[in-house]
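Trainee: Predicted coordinates and the sequence they were generated for:
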Amino acid sequence: MLTIACLSLSGGQGKTTTAVLLAKSLAQKGYTVLAVDADPQSNLSTFLESDVGEEMPTLLEVFKGTVAIADGIYATGIDHLFLIPSDDALDTVQDYLSSSGVGAMLLGKRLEAMKTVFDICLIDSPPQRSQICKSIIGAAHQILIPCEATVKGYGSLVRTLDAIKELTEIGVSQAQLLGVIPFRDRWVGNNQTHESRMCIQEMITEVGKELVFPSIRESERYKQAISQGKTLSALGAPELESPFETLVQHLTAIIEDNHE
């Protein structure tokens, strides 16, 4: 199982949008996908239409080991796509992770039981440099950083790279950078705005051109696709699928290399 974290240390950077649409794209290609909602705001759970009752296990119970991980996994309405949901109680796991002694490695240990069940695990992260965030970095094989094509987004990218470096340097994580995906890339007609162009260029300078994926453009179509459960093509905007098509192709190559 290839574990990918959608990680960015500011709000509004497109993590959940990216996680939802990438998970659906991978599932539509026939991959068995486990989506993990590791953000106490639980937007991924909402967008994947999780209907988990109050007494049903979520990521909190999986983290604490009070249930087997299989008991915290639920089918979605999409073939091949499954979910470990969260709720706002997940915030209470911070102290548990901090005092456990293995907090940064704990999520990876829990996911180990699923390594032969799913092709890909996709984790949506919270926007803070927290114990949960550290455990996500520790669990990930690859990290995808969505960041807004703004000065704030570039700052988020720098902080996120720093958090990854901190854990890889001490040997807690072996995660590699899958790449950066610019979010809300603004265009006016056929012209990209100056801010978007300059910020994306700074992203390229920071990580290299080969690690910057095609942009998620500023468009209400993405929200509509998520809220209506439709593809972008069905909404008449197939050109907006390009970032996810490129990501799927890239991940397919990684999976095939791992199988050889």
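Mentor: Arrived safely.

Trainee: make it CA atoms for all contacts and neighbour counts henceforth
Mentor: Noted.

Trainee: Look up the closest residue to Ala68, ignoring the ones flanking it.
Mentor: Spatial nearest neighbour of Ala68, excluding adjacent residues (CA to CA, 6 or more residues apart in numbering): Val62 at 6.6 Å.

Trainee: just how off-centre is whichever strand or helix holds the one you found within its chain?
Mentor: Secondary structure from DSSP states H and E places Val62 in helix 59-64. With CA atoms, centre = their mean, to the nearest Å as the basis, helix 59-64 stands 18 Å off its chain's centre.

Trainee: thought the residue nearest to Ala68 was touching Ile73?
Mentor: No - look at Val62 against Ile73 with CA atoms under 8 Å: they stay out of range, at 9.4 Å.

Trainee: Counting residues, which strand of the protein comes out longest?
Mentor: In the chain, assigned by DSSP state E, the strand with the most residues is strand 176-185.

Trainee: Let me know the average pLDDT across that one.
Mentor: Averaging pLDDT along strand 176-185 yields 95.

Trainee: Can you show me the CA trace of the helix holding Val62 as CSV?
Mentor: Only the C-alpha atoms of helix 59-64 are listed here, as CSV (Å, rounded to 0.1, in the frame of the first residue of the first chain):
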residue,chain,number,x,y,z
LEU,A,59,-9.8,7.6,13.6
LEU,A,60,-9.7,8.5,17.3
GLU,A,61,-10.3,4.9,18.3
VAL,A,62,-8.0,3.6,15.6
PHE,A,63,-5.2,5.9,16.9
LYS,A,64,-5.7,4.7,20.5
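
Trainee: Quick one: mean pLDDT over it.
Mentor: pLDDT averaged over helix 59-64 gives 92.

Trainee: Contacts made by it with the rest, please.
Mentor: Helix 59-64 has contacts (CA atoms under 8 Å, 6 or more residues apart in numbering) with 36-38, 67-69, 72, 84-86, 89-90, 93, 96, 106-107, 110.

Trainee: quick one: contacts of the helix or strand following the longest strand of the chain?
Mentor: Downstream of strand 176-185, the first helix or strand assigned by DSSP H and E is strand 187-188. Contact partners of strand 187-188, identified using CA under 8 Å, 6+ apart, comprise 193, 217-218.
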